[in-house]
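Asker: The following block contains a protein sequence and its predicted model.
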Amino acid sequence: MGFLQSVSQVVMAMTVLFLLLLVFSLLVGEPGTGGYVLAQLSLVPVVITFVASVIVIYTGWEPF
């Protein structure tokens, strides 16, 4: 396993933590409030980061 896969595993673990916190905040928050909307918008970069790290781990991509 290369350096990029190791970093991707750490990034994926952090992203899972962020997803759990966001899901909790969406369950607790009231729809229509500013915090709820911000949590929904925060899902976009978190999900993109998660998908990118899974792709790097799955394909074994080594750019260097």
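Answerer: Arrived safely.
Asker: mean confidence score for whatever helix or strand residue 56 lives in?
Answerer: Element membership for residue 56 (DSSP states H and E) is helix 34-59. For helix 34-59, mean pLDDT is 93.
Asker: So which elements touch it?
Answerer: helix 3-28 (3 or more Cβ pairs under 8 Å, 6 or more residues apart in numbering; DSSP states H and E). Just so you know, the C-beta spots here come from the backbone N, C-alpha and C atoms, and that holds for glycine as well.
Asker: Now do the buried residues in the helix it packs on.
Answerer: Within helix 3-28, the residues scored as buried using 16 or more other Cβ atoms under 10 Å are 4-5, 8, 11-12, 15, 18-19, 22.
Asker: what's that helix packed up against?
Answerer: Using 3+ Cβ pairs under 8 Å, 6+ apart, helix 3-28 sits against helix 34-59.
Asker: tilt between the helix it packs on and helix 3-28?
Answerer: With axes from the mean of the first three to the mean of the last three Cα atoms, to 10 degrees as the basis, helix 34-59 and helix 3-28 are set at 150 degrees to each other.
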